[in-house]
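Q: what would the 3D arrangement of this be:
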Amino acid sequence: MPVYEYFCPNCRRKVSIFYLSVRQAEADPACPDCGGRGLRRLFSRFAVHKSEADRMEELGSAIDHPTEEYYKDSRNIGLWARKRLKELGVEPPPGFDEVVEKARSGELLKEYETPWSERTTNP
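A: Numbering: from 1, shown residues only. The predicted structure follows:
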């Protein structure tokens, strides 16, 4: 069930048209906004979904640290540490997954940005 993206020269908008099958895609579709013809087909963005195992395999050797670009996908946070622990034959310590989830969601960074005096209470 493809969704094709087009540029309409009449209303100067990018429009998306959903088709139930590739065969149903029209050769000369009409703009859903203005009804105009002569739409120009655009290249659509797409995503490739990978499992955690696939991303760990792409990570390569634990000796090679991943680049900053690698960590822009928050799902990769913690994978290098998990792979390194596995290579060393060590089980992740208790709370490892919780810390990784905090790091992925940005909560861990917020904790470090908070001054120490605000994080603890004085007796």
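Q: centroid residue for the protein?
A: D73 (5.3 Å; Cα atoms, centre = their mean).
Q: and stretch 93-100, average pLDDT?
A: Computed over stretch 93-100, the mean pLDDT rounds to 91.
Q: the protein - how does it break down into domains?
A: 3-41, 52-119 (automatic domain parsing).
Q: just flag whichever of those domains has the lowest average confidence.
A: domain 52-119 (a mean of 79).
Q: list phi and psi for V3.
A: Main-chain torsions, V3, degrees, to the nearest 10: phi -120, psi 120.
Q: how about V99?
A: phi -70, psi -40.
Q: that one - how many residues pack around it?
A: Neighbours of V99 under the rule other Cβ atoms under 10 Å: 16. In short, each C-beta sits where N, CA and C put it, glycine included.
Q: residues contacting it?
A: Listed by Cβ atoms under 8 Å, 6 or more residues apart in numbering, the contact partners of V99 are 78, 108.
Q: try the one 10 residues further on
A: Listed by Cβ under 8 Å, 6+ apart, the contact partners of L109 are A103.
Q: now do the SS call for it.
A: helix (DSSP: H, G, I helix; E, B strand; the rest coil).
Q: counting contacts, what elements does the host helix or strand of W80 pack onto?
A: Assigning secondary structure by DSSP states H and E places W80 in helix 79-87. Helix 79-87 is packed against helix 52-59, helix 96-105, with contacts defined by 3 or more Cβ pairs under 8 Å, 6 or more residues apart in numbering; DSSP states H and E.
Q: rerun at 7 Å
A: helix 52-59 (3 or more Cβ pairs under 7 Å, 6 or more residues apart in numbering; DSSP states H and E).
Q: the helix holding W80 versus helix 96-105: what angle between them?
A: 160 degrees (axes from the mean of the first three to the mean of the last three Cα atoms, to 10 degrees).
Q: in helix 79-87, what counts as buried?
A: 79-80, 82-83 (16 or more other Cβ atoms under 10 Å).
Q: is it possible to get JSON lines of those that adds distance to K102?
A: What follows is the buried residues of helix 79-87, written out as JSON lines (distance: Cβ to Cβ, whole Å):
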{"residue": "L79", "distance to K102": "15"}
{"residue": "W80", "distance to K102": "16"}
{"residue": "R82", "distance to K102": "15"}
{"residue": "K83", "distance to K102": "19"}
